[in-house]
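[1] pasted the sequence and its predicted model underneath.
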Amino acid sequence: AHCVSQWGYDFRPSYLRIPEIRDLFPNLPIMALTASATPKAQKDIQDKLALRSKNIFMASFVRSNLSFSVFELENKGAKMLEILNAVQGSSVVYVQSRKSASNWASWLIRNGMNADYYHAGLSHKDRERKQKNWIENKTRILVSTNAFGMGIDKGDVRTVIHVEVPVQPEAYYQEAGRAGRDGKLSYAALLYNQPDIDKLQERIDQKFPPLETIKNVYNAVCNHLGIAVESGKMLTHNFDIMYFSRQFKLDATAVYNSLKILEQEGYLQMSEGVLLPSRAIFRVDKLELYKFEVANSGFAALIKSLLRSYGGIMDHYTKISEAQLAVQMKVSESEVIKQLNLLHKNKILTYVPANDKPSIMLLTERMHENNLYINTQYINQRKKTINEQLQAMIHFMEQKTVCRQITMCTYFGETDAKACGRCDICLEEKKKQDADEDFKNAKS
């Protein structure tokens, strides 16, 4: 539910339409769930979802079995090997880019570690294989972008290591919290240096490209996909962002962030290589469809199955299963696909086959550049929010006096957390106390 709030770390404006659905079902109970919401985000979620009773059920943010440590150092690789050799068991190493994921995985392998990498740019088959190998402990260390982790239920992760710093404490807490879900002692280590902090600010600036860049990217994408003005609505196109950026001599980061803003503004939908199921929508009304069915009896079984199985397919894109249709019609799946393609060719329906390649779908007809409205006020507000989150992340890393658990819990509004006794700061304090005690004894 942090996606509902502009103070969340992954705000999606389309989620603000959820109350419209609630209007249709006024008596339906609703619960909003998130693992990481600050007091500001909690209030915003309640307001945006129009929750009638302001009940918040909040578990403690304290993870008593998790040791948080932060290390400022130049040689991250050496420290990572030290941690992995000292703490046996399954591990996730988080990075911020796909290139870093493959590079660090290769480096770990060269240094004798059983490692692999994972990111959203891999094929669905590769992602499933790598994830399965890690869950079954065939792979010990998975180096990954934040594409990995949501819904992963693996209790015996002993270490989560960040070799590159997330911008927001919310993201860090969620990723680090994937260690030790079985309740046993586990470790979250964050490795950073001063250039990392400079890069974080640079990343925020890149995240919000100028208005002119956003419009240029929109026009270039539409030209690249061959979409004319006032056409292209709801059509899906495969889209290789690196190839596109090279072809148009554009910076790939600026392209990606421009597309994310265009997505938030409701102009397009971008898939980064997740498996999209097959979809279809009828393009003719019921009378025309009936006439076509009478004149082309060979398609009657498929049309009837689509109408019976998928309510709403006359009005909007609907997920369909070729395998399920094949069972109902008592024909092969290939025959169903063949008929769907013929109906598509004859403009009776639009059929979008399943796809796990990165893709773009325009949600509106292509706009003329002069009519492309971008809410710059919203962009500036988001930039301000993320800058505040970055400052909180820098404070978490750089402060050397307060227990890491207490610092993190305070950020989330939990003010009564006790010192954990396990983090790097608590252990350093214990060493000082032990040294003072030894001195007192020696003096005595």
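    Here it is on my side, so go on. Numbers count the residues shown, from 1 in each chain.
[2] center of the protein, which residue is that?
    By Cα atoms, centre = their mean, the mean C-alpha position of the chain lies nearest to A147, the distance being 5.5 Å.
[3] so for that one, what's the pLDDT?
    Looking at A147, its pLDDT is 78.
[4] got it, and N238?
    84.
[5] count of residues packed around the spatially closest residue to it that is not a sequence neighbour?
    Spatial nearest neighbour of N238, excluding adjacent residues (Cβ to Cβ, 6 or more residues apart in numbering): K357 at 4.9 Å. Using the backbone N, CA and C atoms, a C-beta is placed for each residue, glycine as well. Using other Cβ atoms under 10 Å, the number of residues around K357 comes to 15.
[6] so K357 makes contact with T236?
    No: assessed by Cβ atoms under 8 Å, K357 is found out of contact with T236, at 10.1 Å.
[7] quick one: low-confidence residue ranges for the chain.
    Counting by pLDDT under 70, the chain contains low-confidence ranges at 150-151, 272-275, 356.
[8] flag every buried residue along stretch 16-23.
    Across stretch 16-23, burial judged by 16 or more other Cβ atoms under 10 Å covers no residue at all.
[9] would you mind listing the outside residues contacting it?
    Residues outside stretch 16-23 that contact it (Cβ atoms under 8 Å, 6 or more residues apart in numbering): V4, L28, I30, K48, L49, A50.
[10] same thing but at 10 Å, please
    Applying Cβ atoms under 10 Å, 6 or more residues apart in numbering, the external contacts of stretch 16-23 come out as 1, 3-6, 28, 30, 32, 48-52, 266.
[11] returning to what we had before: mind checking the SS state of the residue nearest to N238?
    At K357 the chain is in coil, as set by DSSP: H, G, I helix; E, B strand; the rest coil.
[12] now do it against Y256, distance only.
    Relative to Y256, K357 is positioned 16 Å away (Cβ to Cβ, to the nearest Å).
[13] and if you look at Q6?
    In this view, Q6 and Y256 are 21 Å apart by Cβ to Cβ.
[14] kindly report the same for V217.
    Distance from V217 to Y256, by Cβ to Cβ: 9 Å.
[15] need the overlap of contacts for the two.
    Common neighbours of V217 and Y256 (criterion: Cβ under 10 Å, 6+ apart): P209, S245.
[16] among these two, which residue is more densely surrounded?
    V217 (24 against 18).
[17] and that one, what helix or strand is that in?
    Using DSSP states H and E, V217 sits within helix 211-225.
[18] give the next helix or strand downstream of that helix.
    Immediately after helix 211-225, counting by DSSP H and E, sits strand 236-238.
[19] show me what that next one is packed up against.
    helix 211-225, strand 268-271, strand 359-362 (3 or more Cβ pairs under 10 Å, 6 or more residues apart in numbering; DSSP states H and E).
[20] 8 Å - rerun?
    strand 359-362 (3 or more Cβ pairs under 8 Å, 6 or more residues apart in numbering; DSSP states H and E).
[21] neighbouring strands - and their directions - for the strand it packs on?
    If you go by DSSP bridges, strand 359-362 pairs up with strand 236-238 (antiparallel), strand 268-271 (antiparallel).
[22] deepest-packed of those strands, please.
    Ranked by mean neighbour count, these are led by strand 268-271 with a mean of 18 (mean count of other Cβ atoms under 10 Å).
[23] show residues contacting it.
    By Cβ under 8 Å, 6+ apart, strand 268-271 touches 221, 239, 259-260, 262-263, 355, 358-363.
[24] now the helices: where do they sit in the stretch 251-400 of the chain?
    252-264, 286-295, 300-309, 322-329, 333-345, 376-398 (DSSP state H, counting those that start in this stretch).
[25] in CSV: those, plus distance to A189.
    Listed next are the helices of the stretch 251-400 of the chain as CSV, based on distance: least, Cβ to Cβ, whole Å:
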stretch, distance to A189
helix 252-264, 27
helix 286-295, 61
helix 300-309, 50
helix 322-329, 45
helix 333-345, 48
helix 376-398, 12
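[26] any idea which of those gets closest to A188?
    Closest approach to A188 among these (Cβ to Cβ): helix 376-398, 11.7 Å.
[27] could you dump the closest one to CSV, C-alpha only?
    This file holds the C-alpha atoms of helix 376-398, laid out as CSV (Å, rounded to 0.1, in the frame of the first residue of the first chain):
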residue,chain,number,x,y,z
THR,A,376,5.6,19.4,-13.3
GLN,A,377,4.3,20.4,-9.9
TYR,A,378,3.8,16.7,-9.1
ILE,A,379,7.4,15.9,-10.4
ASN,A,380,8.9,18.6,-8.2
GLN,A,381,6.9,17.3,-5.2
ARG,A,382,8.2,13.8,-5.8
LYS,A,383,11.8,15.0,-6.2
LYS,A,384,11.4,16.9,-2.8
THR,A,385,10.1,13.7,-1.2
ILE,A,386,12.9,11.5,-2.5
ASN,A,387,15.5,14.0,-1.5
GLU,A,388,14.1,13.9,2.1
GLN,A,389,14.3,10.1,2.0
LEU,A,390,17.9,10.3,0.7
GLN,A,391,18.9,12.5,3.6
ALA,A,392,17.4,10.0,6.1
MET,A,393,19.3,7.2,4.4
ILE,A,394,22.6,9.2,4.6
HIS,A,395,21.9,9.9,8.3
PHE,A,396,21.3,6.1,8.9
MET,A,397,24.7,5.4,7.3
GLU,A,398,26.9,8.2,8.7
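[28] may I see the buried residues of that helix?
    Applying 16+ other Cβ under 10 Å to helix 376-398 flags I379, R382, T385, I386, Q389, L390, A392, M393, I394, F396, M397 as buried.
[29] now, which of those sits nearest A179?
    Proximity of those to A179 was ranked by Cβ to Cβ; the top entry is F396 with 16.8 Å.
[30] quick one: that closest one from A171, how far?
    Distance from F396 to A171, by Cβ to Cβ: 12 Å.
[31] Y351 now?
    38 Å.
[32] OK, contacts around the nearest residue to V284 once chain neighbours are set aside?
    Among residues not flanking V284 along the chain, I348 sits closest, at 5.9 Å (Cβ to Cβ, 6+ apart). By Cβ under 8 Å, 6+ apart, the residues touching I348 are F282, R283, V284, L289, F292, F299.
[33] which residues sit against stretch 378-395?
    6-7, 9, 11, 13, 165-170, 172, 197, 200-201, 204, 207-208, 261, 264, 407, 411.
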